[in-house]
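[1] got a structure for you, letters missing:
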């Protein structure tokens, strides 16, 4: 097989799709639970297939994330968002949360999850994107590529996002850094 062989493109695309689809679906669900994230991810993969030979292999995941973000922004612009939460939006969000973490055994853990996801949803886009991509094991270079910033900015964004989420959720012990973590303070 050569680099221009369509069968080779199909095989590499298929491997990539099966390896990354769940991660990208979850990324889209966290970024915009009130939108049709499934169709955004599928549409992004269709676009990736069309451009597969010209997308650099190291940049494919970042290319898809950028495309998914743009598709979600387009959806939000086309759709009139309700001013307050309606039953439909709440039901869709609850369904999304169940997809992300299907088996939560106790109410306290479920409440912490919902509170955390709500806090993440309220972050500015660049902080939310950096945090969610870090959660899904994107490296600093990939996140910087998606956000169009430097690597050092990525680390700062993730740190700021974690601090804001911890502040909103009320989990002060998780805000402590480095050698202070887990130690009693007097």
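    Ah, there it is. Everything numeric here is computed off the predicted structure, so don't read it as measured data. Numbers count the residues shown, from 1 in each chain.
[2] can you give me the helices for this protein?
    Under the criterion DSSP state H, the chain contains helices at 6-31, 37-51, 60-78, 87-100, 107-121, 125-135, 140-147, 151-169.
[3] need the contact list for the spatially most central residue of the chain.
    The chain has residue 27 as the residue nearest its centroid, 2.8 Å off, counting by C-alpha atoms, centre = their mean. Residues near residue 27 by C-beta atoms under 8 Å, 6 or more residues apart in numbering: 65, 68, 132, 133, 136. In this view, the C-beta of every residue, glycine as well, is placed from N, C-alpha and C.
[4] between these, which is nearest residue 146?
    Ranked by distance to residue 146 (C-beta to C-beta), the contacts of residue 27 are led by residue 65 at 4.9 Å.
[5] Just to check, that closest one is in contact with residue 23?
    No. In this structure, residue 65 is not within contact of residue 23 by C-beta atoms under 8 Å, at 9.8 Å.
[6] Tell me who's in contact with residue 158.
    Residue 158 makes contact with 130, 131, 134, according to C-beta under 8 Å, 6+ apart.
[7] since we're on the nearest residue to residue 162 once chain neighbours are set aside, how many residues are nearby?
    Nearest residue to residue 162 in three dimensions, chain neighbours excluded: residue 131, at 6.8 Å (C-beta to C-beta, 6 or more residues apart in numbering). The tally of other residues near residue 131 (other C-beta atoms under 10 Å) stands at 22.
[8] roughly how far apart are residue 131 and residue 170?
    18 Å (C-beta to C-beta, to the nearest Å).
[9] quick one: buried residues of stretch 155-171?
    Going by neighbour count (16 or more other C-beta atoms under 10 Å), the buried part of stretch 155-171 is 157, 158, 160, 161, 162, 164, 165, 166, 169.
[10] one step back: let me have the contacts of residue 158 in JSON lines, extended by distance to residue 9.
    Listed next are the contacts of residue 158 as JSON lines, based on distance: C-beta to C-beta, whole Å:
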{"residue": "130", "distance to residue 9": "31"}
{"residue": "131", "distance to residue 9": "33"}
{"residue": "134", "distance to residue 9": "30"}
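[11] quick revisit: could the helices of the chain go into JSON lines alongside mean pLDDT?
    Output for the helices of the chain, formatted as JSON lines (pLDDT from 0 to 100):
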{"stretch": "helix 6-31", "mean pLDDT": "87"}
{"stretch": "helix 37-51", "mean pLDDT": "92"}
{"stretch": "helix 60-78", "mean pLDDT": "87"}
{"stretch": "helix 87-100", "mean pLDDT": "46"}
{"stretch": "helix 107-121", "mean pLDDT": "77"}
{"stretch": "helix 125-135", "mean pLDDT": "89"}
{"stretch": "helix 140-147", "mean pLDDT": "90"}
{"stretch": "helix 151-169", "mean pLDDT": "91"}
